[in-house]
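Asks: One predicted model, sequence on top.
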Amino acid sequence: MASASLLIELHSEELPPKALKALSDAFAAGLEAGLRARHLLTPESVVTAFGAPRRLAVHITQVLGRSPDQRFRQKLVPVAIGLDALGNATQTLQKKLAALGVNLDHRLLKRENDGKQDVLVYEGVREGTTLIAGVQAALDEAIGNLPIPKVMNYQLADGVTTVQFVRPVHRLVALHGHTPLPVRALGLIGGTKTFGHRFHSPGEIAVHSADTYAEQLEREGMVIASFEKRRARIAEELRKAAARLDAQPLMPDELLDEVTALVEWPVVLESGFEAEFLAVPQECLILTMQQNQKYFALQSADGKLLNRFLLVTHIDADDPSPIIEGNARVVRARLADAKFFFDQDRRETLDSRIPGLASVVYHNKLGSQLERVERMTGVAVEIAREVGADVTHVERSARLAKADLRTLMVGEFPELQGVMGMHYARHDGEPKDVADAIEEHYRPRFAGDALPASLVGTCVALADKLESLGSMFSIGEAPTGDKDPYGLRRCAIGVLRMLVEKRLPADLHRLVRHAIEALHSSHGALRLPAVHEAEWKRHVDVTVAETISFLYDRLRGLLRDDGYTANEVEAVVSLAPTRLDDIVARLAAVRAFMRLPEAESLAAANKRIGNILKKSAVGPRWSAEEAFDPALLMEPAEKSLAEAFGRTARQSEASFAAGDYAGSLTALAPLKLPVDRFFDDVMVNVEDPRLRGNRLALLARLRAQMNRVADLSMLAAG
Amino acid sequence: MITFQEAILRLQSYWNDQGCALLQPIDLEVGAGTSHTATFLRAIGPEPWRAAYVQPSRRPKDARYGENPNRLHQHHQYQVVLKPSPPDILEIYLGSLRALGIDTLKNDIRFVEDNWENPTLGCWGLGWEVWMNGMEITQFTYFQQVGGLECRPITGEITYGLERLTMYLQNVDNVFDLVYTRWKDRGVEKILRYGDVFHQNEVEQSKYNFEASEPQLLLSQFSVFEAEAKRLMDAQLALPAYESVLKCSHTFNLLEARGAISVTERAGYIGRIRNLSRAIAQSYLESRARLGFPMLAEAARREAA
């Protein structure tokens, strides 16, 4: 059999739209890998994946009719073991040959020297696989490895045989060129027949050849099998339809993907709703259209939402009016709900809803949302003072931040928390930055989300997340493994991103302590066991330490994601910095330092000093500054080090104080020679305790100065 | 135009032709047709089964004093179960829409993934909600587990929301305006509307659910029904025990509507009902096994003939 294109299709019931693309890609990749491993593909073979609501298919060009025989060589055993004194095959050799499945005179084996001894080598030819065996194996593997979100059990027509897949599969098409391949999968045998569109294409379609599959499905079956082609067509039709209304369609990728996975033959229709609904905030209207109905909302050039929308159907009707009107009715009922909620909600002010938060449970050990808001407000005010934000507005925003949880709209659309609070706050006449902060305080909502734009919003967003972290850590709900039910990793990353990216002059340790103490000062109202004050204090200290260590771990991850090396990150983070606003500057300084020719040897020296000090067993009250006495410097090398240190320290410290971290580290460069010489010439651990103490003090001072910006020992090789 | 009861008649006739036993609703308060023994228990074990029935379904929390055009204390489901689920079940289902006069080439019928789970019954399944022009008209589920037991063979469950479906077919926006039936009285057209039949019930049941029910009484009833279910199960009476579980479940729904169950307590009550459901499912399976799965033997005989 010559090479030809291969086509495999699984024709199924409607597949889960959110998984379709991944299933289709994995199916194609799995088949390709399986066939390639069996040498059934050529380097020029082209793989095309098809994915539609009722089918997963793969088309691969230049698939061989049989994989070529493969020459191979195999070392068997050393000659000394394989042949006995008479030159006959030993049992060991006979077993080896039997295992290879060859019946061969051992005298035909090659001998070669592997560098140590002569070994017997078999040179053989492995027969190629037949196409059918290769496809069968590849298909089994591809199906077995599909990323099926929830596996379904179902029975074949006999009502007994159970099969597992995503949804029931009814046809298996397998063609090599024009030739059907009787491979088996999911209780089906490969053939040529499939089905087209569920409604527009009655009866079976006989696929003539692998290469006519896509075209036949489109022409005879009213199915565009290619996911990309359908997606592109939908996007194009949406743009065209929008252009007729002088509008832009809102086409989020996920929605476009989902709709592409819901139709085999896309037809874009326009429908609409009454203009009165436009009084409802756009976010609600858009969410209703996108999430509940999979519609594409339309915006005019100036960003205003239209009371028209686009829908994608798979029915190509002469008269689409039942579909257009039917959808209009459905969306009208939904928007009427939204409008009702919006009108009802505005009858009460946000402020008047705050006491009602007492009946919204936050966590059974942490009390109600009202108690949480009180803690959050306290923390927000502290942050505002620390970073110089408008304390009154921060306090007001924090107090109102969760009040929209009591509104009907947020009850119906939880995704709109914050957004509705902003709208209702505006309606109540709250200051603009207060209203904005209510929306912003949930940010960043997901990885890569925008941070709050305003300083007021930033303070409340920090308080929101610090309160969550502090409270949950206090009651032992820290994330473990991949379990993070309260989203604390996201909270931590939010806090760190705000402090780092917004360069906030806030003390991380103090903020964490505020959040945790806020919880413990309100413990009377909480279902926490009552314990002695001393125990509380100890518990607070432990929780603060745990929370901060959790934050530093996330910080390491964040910085690594930003492209800094593990050593660079460790050099900075291991100093346990309380302020994160200068962390980027410190990292930049570390990078600049590492480019100095002296860097490596200074880092190594720093590490060495660290080790010496660690072993020296100086007491906890020992102070290098007090212990150092220049009069005790004896050796020339230590004198010159002390002298060089005096000079560079002044310069390094001046740069550090001016915020010039790179300058502060660069100033250390002249220390390389004196330091090297010191270690060459001077013995630190001498008998005389005064001399030894003095040398340790010199080194300790040196190290402290070197590690002002970052712990340079972390940069040492090895 | 098709009236509310004509829609039921057409579905009855259609599913009659598909070999379904046309059953009556279970005569106990339930939230969905799934709770009927004809679904919950018959989905368990290897025996074949086909049934269809209307099930009045009570959802105390959804009560709206008869003032909301779409929400009801009690709505009606048309429930079909086919076990084992035949390979052409979706085509058979689409036939039922055509029987209702729906043209599938003029209306956009879509199967949109929607997996179903009922933690109190220990059930889950995979399937779709069926959309017609953007509105959900049917819930379609391939049962995977019932009462914590794996389904072999699986049951295909089709649940039509009769009010939604007929509101759509009659083009009305308020459920109480639905034409329940119409007839001619001495040449004069007469109409009975859904509201004429059910509105007062909606008003009074809403008052009961939210204002007049007695939480203390309900709480003690819950415990009594729970104890009774356990006692009956010990006596190997799976069916009567199941009825006590349904009473527990409805009592729980009433308590929840009354706001008498806190968020923390809620999980505890659901857990208690789930444990009972699991025990009953197991007990029912064993009782059928003791009988030698009689309907399976019947099917096997027909298969052989």
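Replies: Noted; the coordinates are in hand. Residues are numbered from 1 along each chain as shown, chains lettered A, B, ... in the order given.

Asks: Backbone torsions only: list them for residue A:616.
Replies: For residue A:616, the backbone dihedrals are phi -80, psi -10 (criterion: degrees, to the nearest 10).

Asks: Closest residue of chain A to chain B?
Replies: Closest contact between chain A and chain B, by Cβ to the nearest Cβ, is at residue A:326 (2.7 Å). C-beta here means a position set from N, CA and C on the backbone, and glycine is covered the same way.

Asks: My understanding was that that residue contacts residue B:133; is that so?
Replies: Yes. If you go by Cβ atoms under 8 Å, residue A:326 and residue B:133 touch, sitting 2.7 Å apart.

Asks: Would you agree residue A:486 is in contact with residue A:477?
Replies: Yes. Between residue A:486 and residue A:477 there is a contact under Cβ under 8 Å: 6.3 Å.

Asks: Between residue A:326 and residue B:133, which contacts overlap?
Replies: Residues touching both residue A:326 and residue B:133 by Cβ atoms under 8 Å, 6 or more residues apart in numbering or on different chains: B:107-108.

Asks: out of these two, which sits in the busier spot?
Replies: When residue A:326 and residue B:133 are compared for neighbours, residue B:133 comes out ahead with 24 against 21, by other Cβ atoms under 10 Å in any protein chain shown.

Asks: Now for that one: which residues touch it?
Replies: Contact partners of residue B:133, counting by Cβ under 8 Å, 6+ apart, are A:322-323, A:325-327, A:329-330, B:107-108.

Asks: distance of it from residue B:100?
Replies: Plainly put, residue B:133 is 14 Å away from residue B:100 if you go by Cβ to Cβ, to the nearest Å.

Asks: Could you do residue A:494 as well?
Replies: For residue A:494 relative to residue B:100 (Cβ to Cβ), the value is 52 Å.

Asks: More neighbours: which of those two?
Replies: Using other Cβ under 10 Å, the more surrounded residue of residue A:494 and residue B:100 is residue A:494, with 27 against 17.

Asks: Hmm, residue A:443 and that one touching each other?
Replies: Yes. Taking Cβ under 8 Å as the definition, residue A:494 is a contact partner of residue A:443 at 7.4 Å.

Asks: Give the residues shared as contacts by these two.
Replies: Taking Cβ under 8 Å, 6+ apart as the criterion, residue A:494 and residue A:443 both touch residue A:461.

Asks: Double-check residue A:78 against residue A:118; I have them as touching.
Replies: Yes. Taking Cβ under 8 Å as the definition, residue A:78 is a contact partner of residue A:118 at 6.8 Å.

Asks: which regions of chain A sit below the pLDDT cut-off?
Replies: Residue ranges of chain A with pLDDT under 70: A:1, A:521-531, A:619-620, A:718.

Asks: So out of everything in chain B, what residue is nearest chain A?
Replies: Nearest residue of chain B to chain A: residue B:133, at 2.7 Å (Cβ to the nearest Cβ).

Asks: distance of that residue from residue A:306?
Replies: Residue B:133 sits 21 Å away from residue A:306, going by Cβ to Cβ.

Asks: same question, residue A:582
Replies: Distance, residue A:582 to residue A:306, by Cβ to Cβ: 48 Å.

Asks: my guess is residue B:281 is in a strand, correct?
Replies: No. Under DSSP: H, G, I helix; E, B strand; the rest coil, residue B:281 sits outside any strand and is assigned helix.

Asks: neighbours around it, how many?
Replies: Neighbour count for residue B:281, taken as other Cβ under 10 Å: 25.

Asks: do residue A:341 as well
Replies: Other residues near residue A:341 come to 21 when the count uses other Cβ under 10 Å.

Asks: Spell out for me which residue occupies the centre of chain A.
Replies: In chain A, the C-alpha nearest the mean C-alpha coordinate belongs to residue A:447, at 7.2 Å (Cα atoms, centre = their mean).

Asks: ok so, going back, pLDDT score assigned to the residue of chain B closest to chain A?
Replies: For residue B:133, the pLDDT comes out at 95.

Asks: So, low pLDDT: which residues of chain B?
Replies: B:262-264, B:298-305.

Asks: same thing but 90
Replies: B:64, B:68-71, B:118-122, B:173, B:236, B:256-273, B:296-305 (pLDDT under 90).

Asks: what ranges do the strands span in it?
Replies: Applying DSSP state E to chain B gives strands spanning B:21-22, B:49-58, B:74-83, B:109-113, B:116-118, B:123-132, B:135-146, B:149-150, B:156-161, B:179-185, B:188-193.

Asks: What lies in contact with the last one?
Replies: Contacts with strand B:188-193, where a contact means Cβ under 8 Å, 6+ apart, come from B:176-184.
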